[in-house]
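Visitor: How does the following fold in three dimensions:
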Amino acid sequence: MALTPEPADIPPVIIQPVSPRQIRQALTATGLRASVEAAVAASEQDVKDWWEFSTAFDRLHPAVVAMGAALEQPPEALDALWALAES
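Guide: Modelled structure (predicted):
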């Protein structure tokens, strides 16, 4: 009898979208906000509009993934950022 569940028995972790306030507070708390805002300012207008006018931020959105890569943040760090934002 196995004491640990098989990987197929473990439901995937679902990371919920967070509000603009939540993500900005989490970025401030982790010291990443200035870097993100500088990267957004240097980006094309679509990215600027996404950052300014989004009503929610999805962890797996292509812009989030790209921003994480540009700032050399591994996926685990982004997951932790979302967990902080949710708290």
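Visitor: out of everything not next to it in sequence, what's closest to the most centrally placed residue in the chain?
Guide: By CA atoms, centre = their mean, the mean C-alpha position of the chain lies nearest to residue 59, the distance being 4.2 Å. Excluding the flanking residues, the one nearest residue 59 by CB to CB, 6 or more residues apart in numbering is residue 15, at 4.3 Å. In short, each C-beta sits where N, CA and C put it, glycine included.
Visitor: and residue 13, helix, strand or coil?
Guide: Following DSSP: H, G, I helix; E, B strand; the rest coil, residue 13 is assigned to coil.
Visitor: residues near it, how many?
Guide: Neighbour count for residue 13, taken as other CB atoms under 10 Å: 7.
Visitor: Roughly how far does the residue nearest to residue 19 when sequence neighbours are not counted sit from residue 24?
Guide: On the basis of CB to CB, 6+ apart, the spatially nearest residue to residue 19 that is not a chain neighbour turns out to be residue 56, at 6.2 Å. In this view, residue 56 and residue 24 are 13 Å apart by CB to CB, to the nearest Å.
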